[in-house]
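Novice: All I have is the shape, not the residue letters:
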């Protein structure tokens, strides 16, 4: 009688396979990079001279650079800017009152009316070329919000839309 030996093929565990592959890759990398210059560079710091060393050093000639004249931004001429004032509140006569205030400080008010729409708070709307004037008008009227002109607003003037917070 013969006894059969049952032998099968045993595969190594995945961890053993990964370890062998990692070691092989490290060996290939070592051989491939042998003889190359290192990519790291040595960094040295330079000491700043102390106050005593600076005081005892020889004075050096200094070259003064010519200053370019600073262009002064043109001042906003209130009387040259058109302003329209609109009332977007339930307060009767608010646009007329604020328009009178603007005219007293020099703005050229060309109209007042009611505004139909929704505005979150009193706002000075401006076309791009009148952005500086809008800031000045907002300061003159104590309005805290300026925005670029929207929709059908005239692009040659400032548009003030007043809400109940302007009262």
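Specialist: Structure received. Small disclaimer: the values here were computed from a predicted structure and weren't measured.
Novice: could you pull out the strands for this protein?
Specialist: Here the chain has its strands, by DSSP state E, at 82-87, 108-114, 123-126, 146-148, 157-162.
Novice: For stretch 102-121, measure first residue to last.
Specialist: Start and end residues of stretch 102-121 are separated by 18 Å (C-alpha to C-alpha, to the nearest Å).
Novice: try stretch 143-156
Specialist: Counting by C-alpha to C-alpha, you get 20 Å between the two ends of stretch 143-156.
Novice: who wins for proximity to residue 21 among the strands of the chain?
Specialist: strand 146-148 (63.0 Å; C-beta to C-beta). The C-beta positions use only the backbone N, C-alpha and C, and glycine is treated the same way.
Novice: Name whatever forms a beta bridge with residue 159.
Specialist: On the basis of DSSP bridges, residue 159 is bridged to residue 84, residue 125.
Novice: wait, it sits on residue 148?
Specialist: No: applying C-beta atoms under 8 Å as the test, residue 159 and residue 148 come out as separate, 10.7 Å apart.
Novice: Quick check: pLDDT value at residue 19.
Specialist: On the pLDDT scale, residue 19 is placed at 85.
Novice: how much space between it and residue 153?
Specialist: 74 Å (C-beta to C-beta, to the nearest Å).
Novice: With residue 116 instead?
Specialist: Per C-beta to C-beta, residue 116 is found 13 Å from residue 153.
Novice: These two: who's more crowded?
Specialist: The neighbour comparison of residue 116 against residue 153 (other C-beta atoms under 10 Å) goes to residue 153, with 17 against 7.
Novice: Test my guess that that one contacts residue 123.
Specialist: No: the criterion here is C-beta under 8 Å, and residue 153 misses it with residue 123 at 10.9 Å.
Novice: pull the helix or strand with minimum mean pLDDT from this protein.
Specialist: helix 51-56 (a mean of 56; mean pLDDT, DSSP states H and E).
Novice: Could you list every helix and strand in contact with the helix ranked longest in the chain?
Specialist: Under DSSP state H, the helix in the chain containing the largest number of residues is helix 14-33. Applying 3 or more C-beta pairs under 8 Å, 6 or more residues apart in numbering; DSSP states H and E, one finds that helix 14-33 makes contact with no other helix or strand.
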